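Colleague: Fold the following for me, if possible:
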Amino acid sequence: MEHSPLQTPEISVIIPVYNTEPYLEACLESVRNQTFPDFEVLAINDGSTDNSMEILQRFSRIDPRFHCMETGNQGVAAARETALSLARGNFVCFLDSDDTWQPGMLAELHKGISGSGQASYDIAVCDYVRIRPGYAVTCKEKSASPLHGQEFLFAVLGHKIFPSLCAKLYRKNLFEHTQAFPFKIGEDTLINIQIGLKQPKVVFCDYPGYNYMQRPGSGVRTPIGIEYAENYCRTVDRLLSPLQEETSPEILDFARSIYYSWWYFAYMSKSHNPWQGNCGFARETRRLFLEHKKQLKIYFSSAQRIMLRLDGKRAFRPVVLAIATGRRLATSLQRRLRAGDRKSNAALLSSSEKGAIPQEQPAPPRLP
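Modeller: Now for the predicted structure:
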């Protein structure tokens, strides 16, 4: 089906680009190969110094659905805001320029968000495939039932849902009056928190449509210090302040206990971070955690709860780091086991590392 640039597309695909030349062609080809054809691509070249812009221009010449724009290097959040201001679709979908989609990604998400009859939704979420050198594993969302009211907000705050803007399809109007913040880690979460305040209806699609590449040196693996964690939590405090008029203080305090604890764990688990267990932010986090420890069991493991108690004393810092290291090793081992037979994933791994398009793969077996 041919689409004129003057037609209003159903979906706007937003791709911020910065120095991803080795992976960009595979990313864009995975969009061209979508079985759902009614989309436009808004690719924002954020001041790349490699040949990314040349690749974008080539795709815009061969496919009228692809549009590219060049800006100075302002960061991924600013690039997304630029694209959102130009988006014409009823829905928006985000893709990082070093990741790829499975061919049915947009079709499955659009079918999910459209619902049946009058049961439409505001956000559709799919599963994703985490790809690292040596293995790939399908990651299924913890939630399966639709979310309503403040359920999406609390799922984002506690990272019970993949907090990225990727692997989701949104109604475009959800981004009205949202604000980006200058955080290198967690900026997507802050947008989803603002969207969660609008109490969207969310549906989950049982489809691993997003290929999420994790490579050494990527931003998602950047260390988090205590000041970063505290500044981030104070920003979330400000974002949630409108809830004070309609939500009980107990529920707001519980919400704070979730994200304060999560970000404190992120700081606490890094061996290069000095002990800060007696600072004001640490004391406040422990107070919140202890006040809501029963409710927080569904968000944090017993090992994490032990870590938080021990970190109040400098002498226990080595024990805390030993537990954190053990948790990382156990998580890595579990993911490798879930990846199943390496031979069944060989094509996916080989193609992703070479920059080609990963093909459809059956979901690996999951541990009980």
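
Colleague: Can you check which strand is longest in this protein?
Modeller: The longest strand of the chain (DSSP state E) is strand 202-213.

Colleague: May I see the buried residues of the helix or strand just after that strand?
Modeller: Next helix or strand after strand 202-213 toward the C-terminus (DSSP states H and E): helix 226-240. Within helix 226-240, the residues scored as buried using 16 or more other CB atoms under 10 Å are 226, 228, 229, 230, 232, 233, 235, 236, 239, 240. Every residue, glycine included, has its C-beta placed from N, CA and C.

Colleague: Which per-residue confidence value corresponds to the fifth one?
Modeller: What that stands for is residue 232. pLDDT for residue 232: 96.

Colleague: quick one: residue 198 is in a strand?
Modeller: No - going by DSSP: H, G, I helix; E, B strand; the rest coil, the assignment for residue 198 is coil, not a strand.

Colleague: Relative to residue 238, how far out is it?
Modeller: Remark: distance between residue 198 and residue 238 (CB to CB, to the nearest Å) = 17 Å.

Colleague: gap between the longest strand of the chain and the chain center?
Modeller: For strand 202-213, the separation from the chain centroid amounts to 11 Å (computed by CA atoms, centre = their mean, to the nearest Å).

Colleague: check contacts around residue 167.
Modeller: With contacts defined as CB atoms under 8 Å, 6 or more residues apart in numbering, the neighbours of residue 167 are 125, 126, 127, 128, 209, 210, 212.

Colleague: one step back: packing partners of the longest strand of the chain?
Modeller: strand 100-101, helix 105-114, strand 123-132, strand 135-139, helix 342-354 (3 or more CB pairs under 8 Å, 6 or more residues apart in numbering; DSSP states H and E).

Colleague: 7 Å instead?
Modeller: Strand 202-213 is packed against strand 100-101, helix 105-114, strand 123-132, with contacts defined by 3 or more CB pairs under 7 Å, 6 or more residues apart in numbering; DSSP states H and E.

Colleague: Going by secondary structure, the residue nearest the centre of the chain is in what exactly?
Modeller: Closest to where the C-alpha atoms of the chain average out (CA atoms, centre = their mean) is residue 164, at 1.5 Å. Here residue 164 sits in a region with no helix or strand, counting by DSSP H and E.

Colleague: how far away is residue 330 from residue 323?
Modeller: For residue 330, the distance to residue 323 - CB to CB - is 10 Å.

Colleague: from the chain's centre, how far out does stretch 170-182 sit?
Modeller: That offset, for stretch 170-182, works out to 15 Å (CA atoms, centre = their mean).

Colleague: Next, the buried residues of that stretch.
Modeller: The neighbour-count check on stretch 170-182 (16+ other CB under 10 Å) flags 170, 171, 174, 175, 178, 180, 181 as buried.

Colleague: What ranges in this protein fall below the confidence cut-off?
Modeller: 1-6, 117-118, 216-223, 335, 338-368 (pLDDT under 70).

Colleague: what ranges do the strands span in it?
Modeller: Per DSSP E, the chain carries strands over the ranges 11-17, 39-46, 66-71, 91-94, 100-101, 123-132, 135-139, 168-171, 202-213.

Colleague: Export the ones you listed to CSV and append columns for distance to residue 280.
Modeller: CSV is the format used below for these (distance: least, CB to CB, whole Å):
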stretch, distance to residue 280
strand 11-17, 36
strand 39-46, 36
strand 66-71, 39
strand 91-94, 36
strand 100-101, 44
strand 123-132, 36
strand 135-139, 35
strand 168-171, 35
strand 202-213, 35
